[in-house]
Structure formats: structure tokens, C-alpha cells
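Peer 1: sequence-free structure coming up:
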């Protein structure tokens, strides 16, 4: 699959004119004529509240690329990385935008946790469109990490050395808190550095500014393949499969209890998005989830668990998750 590259944080994915009839009728026109439903009529803005190169950014660009390659939409998709306030500015803006169906937001559990913890914004202020996949985490160490393995790092922390772990917001930070709990260490012994995106944390790890990094496979696989980082443990209750199958669980590497905070990846729109637009995008994302490009070049390549939930099921799923977070 060809890669999409950002320019000034915005990328234009020009959708191919595939699927046109012999008379030159566009895919959008056919949808309106044959199905009588909503279809996009102008540029589509897709907001991502993390930096380019992070897991959410990669996820969004893969979907946009598939929509382009498969001729699913004729319009231009503008991917807009809005990271101000840890992404809260972008999420608030989308929730309040008056929508005609042309504004989308990549939204996952890593976005929901800080949103409901630090703001009054809630799922009810959005229109859930779909859930697409579930992601799990790895704990990485770099070439400049001064410890032979994680057991040595934990002993050093107990002896008074300051050991640092970097990561993104949301589920990454939840995993860090779980790690403190099972290890018995304090946040002064094992300090967390929060970044806007996993890509920023990995950059810091490569530079030797932190000792370890919590990452999703999608964000780190290229660095693992180039041997710039090593996956120390799988932060999961069950081992990864495929090429990541040899990475030990936390219990296997250290004797500590296994921890995990799976991150679901979805798409939402503003609360004012018309029902017809929600259905259009939900159905289209369902088509994306069935393509070989999605299954092989994203799900399998990045070691995710496929999970497509259409709009109504996605709304229930997200709201139930929100209730769990608020109850903690």
C-alpha cells in the first residue's frame, strides 16, 4: 500500500474516479440516484487529535488510502492533526460543530479517558459511526536504555535510581498506573513522561531521553524491524501472534501480574451529524473493514484484533466504556 505523507499536518487524499458508469456518472451520483441516500458533495475534513506518525494517525491514513484506492468516495479527504490541549481542543470543536456530514473525528479509548477525566465533554456530544479494531501494547527499550532487562530496571528503581517510561495519553497512562500497582513502585521511582503521540515518545526513546516506552505495534514495528528498539514485554493477558509471538508477557519476564488496557479504535462525527450521513459513513467503514488491504496491510501487519461495529452498536460500546471509566 502506498503511504500518505503529511504536509503542514494536512494531507489530501484524492479519491479515484473508479466506479463510474460508461456515461461518466460518478460514484456519488449513482448513490444518490440509485439509493436515494446521503453522499458527500464536497471536501471531507477528518480530524485526528494526535501527531502525525502516531497510532491514530496511521489508522486514519490507512482508511483514507483504502477509500481512495477502492473508489469509495470521489471527494478529497483532508486529514487535519489537531493536538492542542492534548487533543481536547480538536475534540471539543468537533463536538460543537454544526454538521452536514462532511466532518469526521478519529476517536478511541485513549481519547475518551482523558476527555471524561479532565473535561465535561462526553460521548453524547458526538455521533458514534463505527468501531474498527482493538489494539494492545508493548513495552519498548532503546539502544541507550542502561538496563540489560526489565528485571534489572525494576531493581534499580527500588534501589533509588529514577527510571523513566514514556507514552501517550489515555490507555498508555492507565497501563503505567497498573504497572505501578503490580510492581509496588511509586511514581517517583518509576516516572511517566506523557507525549502527544506515541511517535514522539519513541523519538525520545531513540534519543536516550527516557528508558522505556509504552507503544502499540502499529507505531513501533518499523523501529523493531530495524533493531532501533526492542520489545521488552507484551503488556497483554495473552501473547501476541505471528512475528511478535516470542515477546514474553510481563509475568514471564519479571514474575509480576500481567496487565493490559486494550485500545479500541473508532470514528465519530459531531452530535449534529444527520442520520443519513451517519449511516453512509458507517456502511462505508464496514466496506473498508472487508477489504484485503485493511485485513492484511493494517490488521495483520500491525497485530490488531479486527472488530467492526456499525453505528448503533458502536454507540452502545463507547457509552458502556465511558460508564466504566467514570465509575473508577
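Peer 2: Yes, it's here. These figures come from a predicted structure and were not determined experimentally. Numbering: from 1, shown residues only.
Peer 1: now the strands for the stretch 1-150 of the chain?
Peer 2: 10-14, 44-48, 76-81, 103-108, 126-135, 137-142 (DSSP state E, counting those that start in this stretch).
Peer 1: which one of the ones you listed is the most hemmed in?
Peer 2: strand 103-108 (a mean of 26; mean count of other C-beta atoms under 10 Å). (Glycine included, C-beta is placed from N, CA and C.)
Peer 1: roughly how far is that strand from the heart of the chain?
Peer 2: Mean-position distance between strand 103-108 and its chain equals 10 Å (C-alpha atoms, centre = their mean, to the nearest Å).
Peer 1: where does this structure dip in pLDDT?
Peer 2: 1-36 (pLDDT under 70).
Peer 1: Pick out the residue closest to the middle of it.
Peer 2: Note on the chain: the residue nearest the mean C-alpha position is residue 56, at 3.2 Å, using C-alpha atoms, centre = their mean.
Peer 1: In contact with it, which residues?
Peer 2: The neighbourhood of residue 56, defined by C-beta atoms under 8 Å, 6 or more residues apart in numbering, consists of 48-50, 106, 108, 110-111, 197, 265.
Peer 1: repeat that with 7 Å
Peer 2: Under the criterion of C-beta atoms under 7 Å, 6 or more residues apart in numbering, the neighbours of residue 56 are 48, 50, 106, 108.
Peer 1: from the residues you listed, which is closest to residue 257?
Peer 2: Nearest to residue 257, judged by C-beta to C-beta, of these is residue 108 at 25.1 Å.
Peer 1: In contact with that closest one, which residues?
Peer 2: 56, 263-266.
Peer 1: Mind picking the two most distant members of these?
Peer 2: Farthest pair in these, by C-beta to C-beta: 56 and 264, 11.6 Å.
Peer 1: Endpoint to endpoint, stretch 287-294 covers what distance?
Peer 2: 10 Å (C-alpha to C-alpha, to the nearest Å).
Peer 1: now do stretch 301-314
Peer 2: Using C-alpha to C-alpha, the two ends of stretch 301-314 sit 24 Å apart.
Peer 1: what does stretch 183-191 give?
Peer 2: First-to-last residue span, stretch 183-191, C-alpha to C-alpha: 13 Å.
Peer 1: Could you pull out the buried residues of it?
Peer 2: Across stretch 183-191, burial judged by 16 or more other C-beta atoms under 10 Å covers 183, 185, 189-191.
Peer 1: partners of the helix or strand where residue 166 lies in the sheet?
Peer 2: Residue 166 belongs to strand 163-167 when assigned by DSSP states H and E. As defined by DSSP bridges, the strand partners of strand 163-167 come to strand 190-194 (parallel), strand 212-215 (parallel).
Peer 1: Could you export these to JSON lines, including columns for distance to residue 270?
Peer 2: Listed next are the strands paired with strand 163-167 as JSON lines, based on distance: least, C-beta to C-beta, whole Å:
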{"stretch": "strand 190-194", "distance to residue 270": "27"}
{"stretch": "strand 212-215", "distance to residue 270": "31"}
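Peer 1: Burial-wise, tell me which of those comes out on top.
Peer 2: strand 212-215 (a mean of 28).
Peer 1: Distance from that strand to the middle of the chain?
Peer 2: On C-alpha atoms, centre = their mean, the centre of strand 212-215 falls 15 Å from that of its chain.
Peer 1: what comes into contact with it?
Peer 2: In contact with strand 212-215 (C-beta under 7 Å, 6+ apart) are residues 137-141, 145, 165-167, 172, 175-176, 198, 201-202, 205, 232, 235.
Peer 1: Report the buried residues of stretch 98-118.
Peer 2: 99, 101-116.
Peer 1: let me fix that: stretch 158-166
Peer 2: Buried-residue list, stretch 158-166, by 16+ other C-beta under 10 Å: 163-166.
Peer 1: does residue 246 sit in a helix, a strand or a coil?
Peer 2: coil (DSSP: H, G, I helix; E, B strand; the rest coil).
Peer 1: For it, grab the count of nearby residues.
Peer 2: 10 (other C-beta atoms under 10 Å).
Peer 1: contacting residues around it?
Peer 2: No residues are in contact with residue 246 under the rule C-beta under 7 Å, 6+ apart.
Peer 1: any idea how far residue 269 is from the residue nearest to the centre of the chain?
Peer 2: Distance of residue 56 to residue 269, computed by C-beta to C-beta, to the nearest Å: 16 Å.
Peer 1: can you check residue 94 too?
Peer 2: 8 Å.
Peer 1: Residue 219 too?
Peer 2: Residue 219 is 25 Å from residue 269, by C-beta to C-beta.
Peer 1: Please apply the same query to residue 96.
Peer 2: 12 Å.
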